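Participant: please work out how this folds:
(one chain, ligands or ions: 2)
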Amino acid sequence: MPEDCIFCQIVDGEIPSRSVYEDDQVMAFLDANPLAPGHTLVIPKEHHETLGDLPEDAGSRVFETLHRLAPEIEAAVDADASNVAFNNGEAAGQEVPHVHGHVIPRFEGDGGAP
Ligand code: 5GP
Ligand code: ZN
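Facilitator: Numbering: from 1, shown residues only. Ligands and ions are numbered 1, 2, ... in the order given. Presented below is the predicted three-dimensional model:
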């Protein structure tokens, strides 16, 4: 893993995070600068920069986790909907170069997608 990867440091417990879910391959934790209450990031534990770098089994586990968590997170914060999205690569706005999916709860009248 790259020494300076923030999300690898979260996986290793070197940087604290507010855990939403964890298993052998995947972690989900609250975003430090949430765009809405309950804004959650889902990452593979292994370091890969973009979806194109991510092995298929790890990608499947990330998407399974997003699929299961998105409705649970919506319910937990009483949201009406959610944006589930990846900024996949620097030119697409990816700031942390470790694959992560966002679950951003949405509420009627909140202005829609980020
Ligand atoms: P990106 O723009 O790369 O798709 O999103 C990166 C996300 O990571 C941002 O929403 C940002 O708030 C979040 N983030 C950056 N550093 C940390 C951190 O140390 N802890 C947590 N929990 N989230 C972080
Ligand atoms: Zn990493």
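Participant: quick one, strands of the protein?
Facilitator: Using DSSP state E, the strands found in the chain span residues 19-22, 26-30, 40-44, 81-85, 101-106.
Participant: ok, and the closest non-adjacent residue to Val77?
Facilitator: Sequence neighbours aside, Gly38 is the residue nearest to Val77 in space, at 3.8 Å (criterion: Cβ to Cβ, 6 or more residues apart in numbering). Using the backbone N, CA and C atoms, a C-beta is placed for each residue, glycine as well.
Participant: so Val26 touches Arg61, yeah?
Facilitator: Yes. In this structure, Val26 is within contact of Arg61 by Cβ atoms under 8 Å, at 5.1 Å.
Participant: restrict stretch 52-70 to CA atoms and write it as PDB.
Facilitator: Extracted in PDB, the C-alpha atoms of stretch 52-70 (Å, rounded to 0.1, in the frame of the first residue of the first chain):
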ATOM      1  CA  GLY A  52     -10.200  -0.100 -13.900                       C
ATOM      2  CA  ASP A  53      -7.400  -1.300 -11.500                       C
ATOM      3  CA  LEU A  54      -9.800  -3.200  -9.200                       C
ATOM      4  CA  PRO A  55      -9.900  -7.000  -9.500                       C
ATOM      5  CA  GLU A  56     -13.400  -8.200 -10.400                       C
ATOM      6  CA  ASP A  57     -14.000 -10.100  -7.100                       C
ATOM      7  CA  ALA A  58     -13.200  -7.000  -5.000                       C
ATOM      8  CA  GLY A  59     -15.300  -4.800  -7.300                       C
ATOM      9  CA  SER A  60     -18.200  -7.200  -6.900                       C
ATOM     10  CA  ARG A  61     -17.900  -7.100  -3.100                       C
ATOM     11  CA  VAL A  62     -17.800  -3.300  -3.200                       C
ATOM     12  CA  PHE A  63     -21.000  -3.100  -5.300                       C
ATOM     13  CA  GLU A  64     -22.700  -5.800  -3.200                       C
ATOM     14  CA  THR A  65     -22.000  -3.600  -0.200                       C
ATOM     15  CA  LEU A  66     -23.300  -0.500  -1.800                       C
ATOM     16  CA  HIS A  67     -26.400  -2.400  -2.900                       C
ATOM     17  CA  ARG A  68     -27.100  -3.500   0.600                       C
ATOM     18  CA  LEU A  69     -26.100  -0.400   2.500                       C
ATOM     19  CA  ALA A  70     -27.700   2.300   0.300                       C
END
